[in-house]
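[1] 3D, please:
(one chain, ligands or ions: 1)
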Amino acid sequence: MIDFHCHLDLFPSPTSAADEIERAGTYVLSVTNTPKAFPKTAQIAKGRRRIRTALGLHPQLVHERHGEVGMFVRLLGETGYVGEIGIDGDSAGHHDVQKEVFGRLLKACADAGGRVMSVHSRRASGEVIEALLHQPDAGVPVLHWFSGPVAHAQKAADIGAWFSVGLPMLRSRRASAMIGILPRDRILTETDAPFASTSGGAYPAKALEESVAVLARLWGSDERTVQNQLNENLRRLVIQADRFRSSAHA
Ligand code: MN
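    Sure thing, here's the model as predicted:
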């Protein structure tokens, strides 16, 4: 199983969640909401082969934490993954600072040789796509829990974006229209846990299984074929992230 957007550090017990993940053999991108949270969160993944830690600055925290952009830039050399970053249209009043900081983070990724980026775009998909177009060397964007118009999903796919999809998205009314246009070789599953699909403090492995089942239905395929496709997608993305990271040291 693959969980390409999970807040491991926000579980009641990150270590037990990481143990569960390890036992299940799940591949996880552990995203962080602030650069300050990165070093400690990366420690949780230490010695765990299937967990990668992403350096992030959540759009909803940008107005308080924009002072951490320098720290973001300094820590970029430590990982091939960034997230979460982006723009949140629901955070009224902080729109300009969010846009400005997102632009600076993308520029920093471009300067570092590119990164695989888990990107938040709630009620701001058009602006997120604009910003990505503006920094084509920032790396590979993986749009997390995309909820914008289907036309924007198409546009994002056209510029090379990937998508990480979770149960709330797959169960929405527009799921079949949305999934129908997303390239199958650029899709991964995610949980956004512990914010979504989680009950209690346990890691929501069931949500990933169900996501694969829903994808199989929407693709008119079987679960094994879907999981094989997702594994192959992840393999390609990991190679890309490793390349990005090694180019940063060049
Ligand atoms: Mn998230």
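[2] helices along this protein, start to end?
    14-24, 38-45, 62-65, 69-75, 95-111, 125-134, 150-158, 167-170, 175-181, 205-219, 223-249 (DSSP state H).
[3] any chance of those in CSV, plus mean neighbour count?
    For every residue, glycine as well, the C-beta is placed using N, CA and C. Below are the helices of the chain laid out as CSV (neighbours: other Cβ atoms under 10 Å):
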stretch, mean neighbour count
helix 14-24, 17
helix 38-45, 18
helix 62-65, 17
helix 69-75, 17
helix 95-111, 19
helix 125-134, 19
helix 150-158, 17
helix 167-170, 20
helix 175-181, 15
helix 205-219, 19
helix 223-249, 16
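[4] want to throw the ones you listed into a markdown table with distance to residue 189 and mean pLDDT?
    Shown next, in a markdown table, are these (distance: least, Cβ to Cβ, whole Å; pLDDT from 0 to 100):
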| stretch | distance to residue 189 | mean pLDDT |
| --- | --- | --- |
| helix 14-24 | 13 | 95 |
| helix 38-45 | 19 | 98 |
| helix 62-65 | 27 | 94 |
| helix 69-75 | 27 | 98 |
| helix 95-111 | 24 | 97 |
| helix 125-134 | 20 | 98 |
| helix 150-158 | 17 | 97 |
| helix 167-170 | 9 | 94 |
| helix 175-181 | 12 | 94 |
| helix 205-219 | 5 | 96 |
| helix 223-249 | 6 | 93 |
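[5] so which of those helices is nearest residue 142?
    Nearest of the helices of the chain to residue 142, taken as Cβ to Cβ: helix 223-249 at 7.6 Å.
[6] for residue 142, see how far away residue 76 is.
    17 Å (Cβ to Cβ, to the nearest Å).
[7] before we move on, the earlier item: nearest to residue 192, of the helices of the chain?
    Per Cβ to Cβ, nearest to residue 192 of the helices of the chain: helix 167-170, 8.2 Å.
[8] identify the residues contacting stretch 35-54?
    8-9, 14-15, 18, 21-22, 25-32, 55-57, 65, 68-69, 71-72, 75, 78-84, 118, 238, 241 (Cβ atoms under 8 Å, 6 or more residues apart in numbering).
[9] got the end-to-end distance for it?
    10 Å (Cα to Cα, to the nearest Å).
[10] now it: how far from the chain's centre is it?
    15 Å (Cα atoms, centre = their mean, to the nearest Å).
[11] ok, now stretch 119-128?
    13 Å.
[12] start and end of it, how far apart?
    Stretch 119-128: ends 8 Å apart by Cα to Cα.
[13] please apply the same query to stretch 177-188.
    Note: stretch 177-188 ends 17 Å apart using Cα to Cα.
[14] and for stretch 171-186?
    19 Å.
[15] counting neighbours, what do you get for the closest residue to residue 29 other than its chain neighbours?
    What sits nearest to residue 29 in space, not counting adjacent residues and going by Cβ to Cβ, 6 or more residues apart in numbering, is residue 4, at 4.7 Å. Residues near residue 4, counting by other Cβ atoms under 10 Å, number 31.
[16] quick check: the gap between residue 4 and residue 73.
    24 Å.
[17] what do you get for residue 3?
    27 Å.
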